[in-house]
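following is a predicted model, sequence given first.
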Amino acid sequence: MTTPPFDVASEKDVATVSAQLGRPARNVIGIAARCVCGAPTVVATQPRLEDGTPFPTLYYLSHPAATAAMSALEANQVMAEYQEMLATDDALREQYARAHTAYIADRESIEVVPELAGVSAGGMPVRVKCLHALAGHALSAGPGVNPVGDLALARGRWSPLVCECVDYEALA
């Protein structure tokens, strides 16, 4: 299964994601974004896990350097800053609402999970709750789709254009 714009996840990709996460990757349906070196950066996860649990986070940021960069922004109260921007910037709020709709459409193109109706990720459409999820969406969908994810990626100390990967095969 490889929708929306996912690469098929090879066994090596799943092993890499597992090494990146430090635990077995669950219900991987594709690689939604990659590092310039080709390693997974964002994994696409089935909307309903094998055990039946609804899983709203379609785009899961797995790259350790990207994850660390988003964690640093969160620790420095950037989410509150972006939340204030949403409250005062009509254009940003409208674009964020469109990102929410796009996220749900992507997930529902794979599987409609009634328990997730109207739920996307990262706090969309009205809150900024998780920069990891928003950056994962921005990396997967491309620039201009998720404005808060784009802002976080531009501000973080990590770039998808510079490889910071380790030897994941050695970690697996």
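Done, it's in.

so which bits of the longest helix along the chain are buried?
Counting by DSSP state H, the longest helix found in the chain is helix 90-108. By neighbour count on 16 or more other CB atoms under 10 Å, the buried set for helix 90-108 is 92-93, 95-96, 99-100, 102-104, 106-107. C-beta coordinates here come from the backbone N, C-alpha and C atoms, glycine included.

what's the distance between residue 61 and residue 163?
In this structure, residue 61 and residue 163 are 16 Å apart, going by CB to CB, to the nearest Å.

out of these two, which sits in the more crowded spot?
Shown here are residue 61 and residue 163; by other CB atoms under 10 Å, residue 61 has more neighbours (29 against 12).

span of stretch 22-41 from start to end?
Chord length of stretch 22-41, first to last residue, is 14 Å (CA to CA, to the nearest Å).

buried set for the helix or strand where residue 71 lies?
Residue 71 is part of helix 64-75 when elements are defined by DSSP states H and E. Neighbour-count burial for helix 64-75 flags 64-67, 69-70, 73-74 (criterion: 16+ other CB under 10 Å).
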